[in-house]
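Trainee: Make a model of this:
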Amino acid sequence: MARRSFARNKVKARPITFFIVAAIILLSTLLSIFGLNVPVPGQSGYYELYGADKIRFGIDIRGGVEAVFAPKDYSGVPSEGDLASARSVIELRMDNLNILDREITTEKNNGRIIVRYPWKSDETDFNPEEALKELGEMARLTFRKPDGTEVLDGTQVASATAAFDPNTSDPIVLLELDATGAKAFAEATGELVATQGEISILMDETLISSPRVISKITDGSAMITNIGTSEDAIDLAQKINAGALPFALEAISSSSISPSLGAGALSVMTQAGMVALALIMVFMLLYYRLPGFVAMFSLLGQMVGILLAISIPQQTLTLQGIAGIILSIGMGVDANIIIAERIKEELNAGSSLTTALANGFHKALSAVMDGNITVAIAAVILMIFGSGSMLSFGYSLLVGVILNGLTGVIANRLMIGSLSQFKALQNPWLYGKKKEAADA
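Mentor: The predicted structure is shown next:
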């Protein structure tokens, strides 16, 4: 006996629902192909929603820029710590720009930093000097009160050192300020200590820490606590030191990088992906009939959703990111197959169509969601602890499994439930029941 009615299981299955869901998927497909310019309220300009043709591909697929940075107006060779801080600034800047595919190396003997990163999606002339403008000037560190008032900047920080609290053994960062910075900091902490307000530390306009003031700092020596791990403390100290570097960085040379996979790799991968998706859809349609027909829309919606989630925010898509897309699409195919097989099993066991649909989705849900949740957790961990191209893989995989839940489960159920309301589509054979059993 069915545990619940398909129509009453908190899912509306009106006949028009299929056409609404299908229209949303098809409109999203057009958006992914052509993009869209959205007017900005109160302004004359437009916000561009990039289509799939303007995805920013990684160095391995499309090539990019190699730039050599060196200290500007600085005599001697920077210390290893200064170079590490400068590298931290460049990585932060690239994270903010969603440039996930990059290679950053430091040369300790001459104090240079070599940065490799991909072309922007709309670049066609491949001018490395123009491409360097995307990174802009190298970092400005500021300390600000809750109202946004600047307390001091990076030039007033003498040093920042990762250490451990002698009382609790927790990771901390020790700050040493110069005379001017110590005076300004004493005034600010004196104002905020009564309310235990926060002093925000920003790199450019990116918040990197917001320690709470628990005492007035008068001697120019401060301690930042409640940081997390020792790695977090080291990272924060490097970012603060980067804003206090005694030099600015300038690009002394730049050149173009050819794609490591070859100039025609992108075209080949695109064609292979389209052919593979088409073959999968044909298989689903022929083998699973009406659930396979619905699966075609759900897989298309998942694929289009992933592409839009990458193209609109201009996330860098690397070869690892493509692997994440393939893996998530494979999970989407599995979800549709599991649902179709459960419905078919119920029908062949003698259940009515309404009962088979209800029990089929109910039995398939746990298997589909368990797989998606575990993969989503792994993707989140990759994004938290990974960097560079690992972020591209984690991002595309996470977006893919989220969309798998939306299209492979929710949209799939809505569409099948909608189509099952049409009398011409209530033949159990269309849902996988054996022909001889259906005729009996």
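Trainee: quick one, domains of this protein?
Mentor: Domain segmentation of the chain under automatic domain parsing yields 17-37+263-439, 64-257.
Trainee: Check the secondary structure at Asn280 for me.
Mentor: Actually, residue 280 is Ile rather than Asn. With DSSP: H, G, I helix; E, B strand; the rest coil as the basis, Ile280 sits in helix.
Trainee: Return the residues in contact with it.
Mentor: Residues in contact with Ile280 (C-beta atoms under 8 Å, 6 or more residues apart in numbering) are Leu299, Val333. In this view, the C-beta of every residue, glycine as well, is placed from N, C-alpha and C.
Trainee: Surely Asp53 is in contact with Leu31?
Mentor: No. In this structure Asp53 lies outside contact range of Leu31 using C-beta atoms under 8 Å: 11.7 Å.
Trainee: more crowded one of these two?
Mentor: Leu31 (19 against 12; other C-beta atoms under 10 Å).
Trainee: Which pLDDT value goes with the more buried one?
Mentor: If you check Leu31, the pLDDT there is 93.
Trainee: For it, what is the enclosing helix or strand?
Mentor: helix 17-34 (DSSP states H and E).
Trainee: Now tell me what touches that helix from outside.
Mentor: Under C-beta under 8 Å, 6+ apart, the answer for helix 17-34 is 49, 51-53, 297, 300-301, 304-305, 307-308, 311, 407, 411, 414-415, 417-419.
Trainee: same deal with stretch 100-113?
Mentor: 58-60, 64, 68-71, 77-78, 80, 83-84, 86-87, 90-91, 94, 114-118, 249, 252, 315-316, 318, 321, 388-389, 391-392, 395.
Trainee: now swap in stretch 367-378 and tell me
Mentor: By C-beta under 8 Å, 6+ apart, the list of residues contacting stretch 367-378 reads 327-328, 331, 334-335, 338-339, 397-398, 401-402, 404-405, 408-409.
Trainee: Buried residues in that stretch, which are they?
Mentor: Neighbour counts over stretch 367-378 (16 or more other C-beta atoms under 10 Å) mark Val368, Gly371, Asn372, Val375, Ala376 as buried.
Trainee: So for the second one, what's the pLDDT?
Mentor: Taken from the predicted model, the pLDDT recorded for Gly371 is 88.
Trainee: Please, which helix or strand holds it?
Mentor: Assessed by DSSP H and E, Gly371 sits inside helix 353-385.
Trainee: and Asp95, how far is that from Ile208?
Mentor: Distance, Asp95 to Ile208, by C-beta to C-beta, to the nearest Å: 11 Å.
Trainee: now do Ser254
Mentor: Distance of Ser254 to Ile208, given as C-beta to C-beta: 28 Å.
Trainee: residues touching Asp235, list them.
Mentor: Contacts of Asp235 by C-beta under 8 Å, 6+ apart are Ser88.
Trainee: Output the helix or strand that contains it as PDB, restricted to C-alpha atoms.
Mentor: Using DSSP H and E, the element containing Asp235 is helix 230-243. C-alpha atoms of helix 230-243 as PDB (Å, rounded to 0.1, in the frame of the first residue of the first chain):
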ATOM      1  CA  SER A 230      47.800  28.300  13.600                       C
ATOM      2  CA  GLU A 231      47.600  28.400   9.800                       C
ATOM      3  CA  ASP A 232      44.900  31.000  10.100                       C
ATOM      4  CA  ALA A 233      47.200  33.100  12.400                       C
ATOM      5  CA  ILE A 234      50.100  32.800  10.000                       C
ATOM      6  CA  ASP A 235      47.900  33.800   7.000                       C
ATOM      7  CA  LEU A 236      46.500  36.800   8.900                       C
ATOM      8  CA  ALA A 237      50.000  37.900   9.900                       C
ATOM      9  CA  GLN A 238      51.200  37.700   6.400                       C
ATOM     10  CA  LYS A 239      48.300  39.800   5.100                       C
ATOM     11  CA  ILE A 240      48.900  42.400   7.700                       C
ATOM     12  CA  ASN A 241      52.600  42.500   7.000                       C
ATOM     13  CA  ALA A 242      51.900  42.800   3.300                       C
ATOM     14  CA  GLY A 243      50.100  46.100   3.900                       C
END
